[in-house]
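>>> fold the following, please.
(one chain, ligands or ions: 5)
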Amino acid sequence: MIFLLLLSVFLRGASSSILSEDTPISFSFPSFAKDSCDNKTLICYGAIESSGALSITPGPPPNLPIRKVGRVLYGKPLSLQRSFIDTTITIKISRHQNYTDRAGDGMTFIFASDKNGPSAKGVGEYLGLQSSPGDKFPPLAVELDTCLNKNLNDPDDNHIGIDINGIESNPVNSLLDVDLKSGRAIQVRIYYNPDFGQLSVYAAYSGETLVKVVEKPINLSDIIPTPVYVGFTAATGDFLESHEVINWTFNSFPVPPSLKEKNLVMPI
Ligand SMILES: *[C@@H]1O[C@H](CO)[C@@H](O)[C@H](O)[C@H]1NC(C)=O
Ligand SMILES: *[C@@H]1O[C@H](CO)[C@@H](O)[C@H](O)[C@H]1NC(C)=O
Ligand SMILES: *[C@@H]1O[C@H](CO)[C@@H](O)[C@H](O)[C@H]1NC(C)=O
Ligand SMILES: *[C@@H]1O[C@H](CO)[C@@H](O)[C@H](O)[C@H]1NC(C)=O
Ligand SMILES: [Ca+2]
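Numbering: from 1, shown residues only. Ligands and ions are numbered 1, 2, ... in the order given. Here you go, the predicted structure:
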């Protein structure tokens, strides 16, 4: 009896330390504070806080921010494989005043398998996706791509796509009513429903009604690991632009186990 008690205490201790189960997660950054990159609330690589926003590929004047990669991750590892996920970011991508005809490359929302920084290979059309060391792509990313790269089958220079273990999107859709690099505040909402196994991405200028841009049937249990880190990447190549995240809210909650049992036990 005492042995069993000890065993259960041991197992409980072990399971809580390896983050084996999804728990509800909720956080919100209405703006970003100066110290959020320094005190481990966020893990920032090549990114800085600037006027309450996160600047993902900053280029301190007089240097031009060309061939830059940046990455910001939420400081804590999460367990999301069996959870509803609803996250909204407001971003702003601006061309450089001297190079209005040449802008790039874009940014992403990533689900990363570790908290490593971006690798140098992530510059330009690779959107800061690969991690260091080893240049591995994240298991899942939503890309907001502002530069046409025919070699990567980009449809144009203004599209959103879902990237699994790589840079080529499937599906990918052009934005019709939103110009990503307009310098305007743009809301992007990423929603995952574990009951349907569906990932959906919506976008609109801030204050306008969100429109669904891409949707993919996936089972996150098969794609992302536990734990997982969520956040942003961005990159510039020889073309440049600024990539800012103005605010970010994230909510997730697990599929209730009781509901699953009920579904199994009680046929309708
Ligand atoms: C995020 O910023 C946009 C643009 O400034 C604003 O309209 C929106 O209310 C903000 N959202 C949150 C959650 O702070
Ligand atoms: C880190 O900074 C953020 C933003 O100022 C603050 O909200 C948070 O409480 C700080 N966290 C710690 C652990 O100091
Ligand atoms: C941008 O153009 C202005 C005016 O021609 C020039 O003074 C400035 O140095 C340029 N800046 C960069 C970063 O190229
Ligand atoms: C996703 O995979 C998990 C684990 O294999 C399974 O329990 C769940 O039912 C799957 N979800 C869907 C929507 O098929
Ligand atoms: Ca591109």
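>>> what's the most centrally placed residue in the chain sitting at in phi/psi?
By CA atoms, centre = their mean, the chain has its centre lying nearest to residue 109, at 2.0 Å. Dihedral pair for residue 109: phi -110, psi 120, per degrees, to the nearest 10.
>>> quick one: the residue lying closest to it once chain neighbours are set aside from residue 238, how far?
Nearest in space to residue 109, with sequence neighbours left out and distances taken as CB to CB, 6 or more residues apart in numbering, is residue 142 at 4.6 Å. To be clear about C-beta, it is placed using only N, CA and C from the backbone, and glycine gets the same treatment. Distance, residue 142 to residue 238, by CB to CB, to the nearest Å: 25 Å.
>>> can you check residue 153 too?
20 Å.
>>> where in the protein is pLDDT low?
Applying pLDDT under 70 to the chain flags residues 1-20, 60-62, 257-268.
>>> would you map the helices across it?
Using DSSP state H, the helices of the chain run over 2-17, 220-223, 257-265.
>>> list the buried residues of the second one.
Spelled out, that is helix 220-223. residue 220 (16 or more other CB atoms under 10 Å).
>>> now do stretch 239-256
Quick answer for stretch 239-256 (16+ other CB under 10 Å): 239-248, 250, 252, 254-255.
>>> if residue 216 is in a bridge, with which residues?
Note on residue 216: beta-bridge partners residue 199, judged by DSSP bridges.
>>> number of nearby residues for the residue in the chain that ligand 2 sits nearest to?
Residue of the chain nearest ligand 2, by CB to the nearest ligand atom: residue 33 (3.3 Å). Neighbour count of residue 33, defined by other CB atoms under 10 Å: 13.
>>> neighbours of residue 38, how many?
Residue 38: 11 neighbours (other CB under 10 Å).
>>> please apply the same query to residue 184.
15.
>>> who in the chain is up against ligand 1?
For the chain, the residues in contact with ligand 1 (CB under 6 Å from any ligand atom) are 30, 90, 185, 206, 207, 246, 247, 249.
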